[in-house]
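Q: Provide a 3D model corresponding to the input given below.
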Amino acid sequence: MTLPFYKYQGAGNDFIMIDNRQEIFPSPDDQVFIEKLCDRRFGIGADGLILLNQVDGYDFEMVYFNSDGRQSSMCGNGGRCIVAFAQYLGIIKERCTFLAIDGPHEALLEQPDWVELKMREVQHIEKGDGFYYLNTGSPHFVRFVDRLDQINVIKEGRAVRYSERFKAEGTNVNFVEVQAAGIAVATYERGVEGETLACGTGVTACALAYYLHMEEAGAAEVEVQAKGGKLKVRFEKTQKGFENIWLCGPAHRVFEGTYDLHAS
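A: Alright, predicted model coming up:
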C-alpha cells in the first residue's frame, strides 16, 4: 500500500501535506510513524506533517504534527501552506475559513503563491527582564539582540526551552534584531528541537513584541526577514491588546509523491 503526499514550504518552513478527507492516513496517533515520515534521511523529510480533514461548518480542518510525531499547537506557516494546498485541491478559491487546534481561521489568496492568514487575538504579553513572552497560537519567548549573526540559536534557544520555567511544557524561542526596515528573526522550535528557517507564530510574536519594544501606537505592518524568506505581519493595537492580526507570506508546492507504507 502507498500513501499519497504533497510537500509544501512557506519561507523555508516545510511540511508534508496529506489530503485526509477520505481518512486515508493510517494512524494519527502513531507518533513513531509520523516522526519517521518527517525524518530527512529515513522518510520524506519536513518540519512537520499536516492532515487536511473534512469538518462540518468549515472549508476544512487542519491537524498539525511536529517532526517529533506529536500533535502540536497552531503552526502559522503550516496554516498558510494548507490554505495553498486546499486551493490546489480545488476545495477553495480566493478565501476560506478553516478549523485548527486554536479555533477558526480566515485566509486570503489574492496573489499567486501568497497567503494571508488571520491569527488569533493576543490580549496578554508578559514583559520580563530582557524578554517578552506571549501566545500567538503557540507559546513564544522573544529576546532582542544586537547581532543576530552572532547568536548560537540552537544552544541559546535550548537553554531557554529546557529552563526550569519551560522544560515541562516547552516554549519556542525567538531572537530578534531591529533593522532599518522591520526586523530579522531566528527561531528555535520546540517539537522540532532545533532551528527552523521560519516560524509563522514566531514571526507574529516577534512583530507584536517589536511594536511594544519600539513603543508604537495604532495600526501597523511589520516586515520580517526570516532565514528562509520575507514575511509581513499587520495588526491593530487596541485597549484589549492586539486584534485583526494577519500573517502574510509565500507558500509553495514543492513536489508530490507516494510513500510505501511497507517501508514502515
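Q: can you show me the strands along the stretch 101-250 of the chain?
A: Using DSSP state E, counting those that start in this stretch, the strands found in the stretch 101-250 of the chain span residues 103-111, 114-118, 125-127, 132-135, 139-144, 172-179, 182-189, 194-196, 219-226, 229-237, 242-250.
Q: weakest of those strands in terms of mean pLDDT?
A: Mean pLDDT values for these show the minimum at strand 219-226, a mean of 93.
Q: hmm, back to that, so which of the strands of the stretch 101-250 of the chain is nearest residue 17?
A: strand 114-118 (13.5 Å; CB to CB). In this view, the C-beta of every residue, glycine as well, is placed from N, C-alpha and C.
Q: parallel or antiparallel, list what pairs with that closest one.
A: strand 103-111 (antiparallel), strand 242-250 (antiparallel) (DSSP bridges).
Q: contact partners of that strand?
A: Under the criterion CB atoms under 8 Å, 6 or more residues apart in numbering, residues 10, 76, 79-81, 83-84, 105-110, 200, 244-251 lie in contact with strand 114-118.
Q: rewinding a little: can you put the strands paired with strand 114-118 in a markdown table and add mean neighbour count?
A: Listed next are those as a markdown table, based on neighbours: other CB atoms under 10 Å:
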| stretch | mean neighbour count |
| --- | --- |
| strand 103-111 | 16 |
| strand 242-250 | 21 |
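Q: and the worst-scoring helix or strand of the chain on mean pLDDT, what does it pack onto?
A: Lowest on mean pLDDT, DSSP states H and E among the helices and strands of the chain sits strand 219-226, with a mean of 93. Packed against strand 219-226, as judged by 3 or more CB pairs under 8 Å, 6 or more residues apart in numbering; DSSP states H and E, are the following elements: strand 182-189, helix 200-213, strand 229-237.
Q: surely residue 254 touches residue 9?
A: Yes. Assessed by CB atoms under 8 Å, residue 254 is found in contact with residue 9 at 5.6 Å.
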